[in-house]
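# based on what follows, work out the 3D shape:
(one chain, ligands or ions: 1)
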Amino acid sequence: MLSEHGGAIDQLIDILHVFMAVLFIGWGIFFIHCLLKFRRRSGHSARYEPVKGKVSKYAEFGVAMFEAFLLVGLSMPVWAKYKNDPPKQDERLEVRVVAEQFQWDFHYPGKDGKFGRTENSRISASNPLGVVGLDDETLDPAGADDFVTVNEFHLPVAKPIYIRLTTKDVVHSFDIPTMRVKQDVIPGMEIPIWFTVQPDATTDKIKEAMTEKFKTAKASWYRLRHHVAVEDHKSSGGEVLLAKGEDLGAEYKAGYEKLAQLAKAGIDELTMQPRNPLEVVCAQLCGNSHFKMKAQMYTHDEAGYNAWVEEKSKKVEFSPDF
Ligand SMILES: [Cu+2]
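As a prediction, this is how the structure comes out:
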């Protein structure tokens, strides 16, 4: 599991499935038993007045009390403790995530760790969240070193990530399936969520672990369309037919032609890995382009993350001609 809490969620889902299976089989047997026992037969007639038994009344009351105990006594305290105990401010990395039709905006506080204010009137193509101070340092020094990425979420491993979630327009749902993270995003509210990525779950290591050899003759373009070659694939003559980092193309027909060409050149096996295995998706049907509301996600070790922040903190000059 790629996140610290993910294993526990999977375990809970497993337990629920076992319980559901037991209930399903138990009630199924009872149902068939009743069908047989109370079938229409000569010499037997139905009784239409309800059965007045004391046992069933007490049993039902007992079940209701037990369920109330499960909810109020066990589950609510665990949830309250979890929700009231976020990671400490000096230990966590805070990111503001703003959903909009149909993209994810990630607002990083920059090296000072402080978020600048945002104003709707400052929203522009180069400043999608309207961060004050981004283009004029004197207005808000806290915002001067902030940066915003669109559909690109970078985060370090082994450090609590504290996300402040909000939306510009409709209800969305922030979902990282591989991390077992999901939270609805509600207009007018800022909802905090937090999780920690496992220390060895960097994007590079996940890609390494997902590297596979595929038989060229049996390979499916559809299955491999988001994979890239890990090394140069050369024909016997030494010509590079599929270079390192290259994919099979975005098109079905061309992809299969490429596969046929590779097989013909005597390349029996392709060594490939996903281009990028992690993504954030929207899990709420939020409009007609909901399906493409995805962000690429990159997990780094500490040095890699700091290098990325360093890179992003450089001021980019926007050319008006562009
Ligand atoms: Cu959405």
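# for the residue positioned nearest the centre of the chain, phi and psi?
Most central residue of the chain, judged by C-alpha distance to the mean C-alpha position with C-alpha atoms, centre = their mean, is Ile176 at 0.8 Å. For Ile176, the backbone dihedrals (degrees, to the nearest 10) come out as phi -120, psi 90.
# need the pLDDT of it.
At Ile176, the model reports a pLDDT of 96.
# now the helices for the stretch 151-300 of the chain?
Secondary structure of the stretch 151-300 of the chain (DSSP state H, counting those that start in this stretch): helices located at 203-209, 221-224, 252-264.
# of those, which is nearest the ion?
Of all the helices of the stretch 151-300 of the chain, it is helix 203-209 that lies closest to the ion, at 23.5 Å by C-beta to the ion. For the C-beta atoms, the positions are set from N, CA and C on the backbone; glycine is no exception.
# other SSEs contacting that closest one?
strand 269-274, strand 294-300 (3 or more C-beta pairs under 8 Å, 6 or more residues apart in numbering; DSSP states H and E).
# which stretches of the chain have low pLDDT?
When residues are selected by pLDDT under 70, those of the chain lie in 315-322.
# could you pull out the helices for the stretch 1-150 of the chain?
Applying DSSP H, counting those that start in this stretch to the stretch 1-150 of the chain gives helices spanning 6-37, 54-68, 76-83, 141-144.
# identify whichever of these lies nearest to Asn276.
For Asn276, the closest of the helices of the stretch 1-150 of the chain is helix 6-37, at 19.2 Å, according to C-beta to C-beta.
# how far off centre is that closest one?
Computed by C-alpha atoms, centre = their mean, to the nearest Å, the chain-centroid distance of helix 6-37 equals 28 Å.
# again, but for stretch 272-285
Worked out by C-alpha atoms, centre = their mean, stretch 272-285 lies 7 Å from the chain centre.
# what residues sit buried inside that stretch?
Met272, Gln273, Pro274, Pro277, Leu278, Val280, Val281, Cys282, Ala283, Gln284 (16 or more other C-beta atoms under 10 Å).
# and the residue of the chain most remote from its centre, backbone torsions?
Relative to the centre of the chain, and counting by C-alpha atoms, centre = their mean, the farthest-placed residue is Gly43 at 62.7 Å. Gly43 adopts backbone torsions of phi 90, psi 0, taken as degrees, to the nearest 10.
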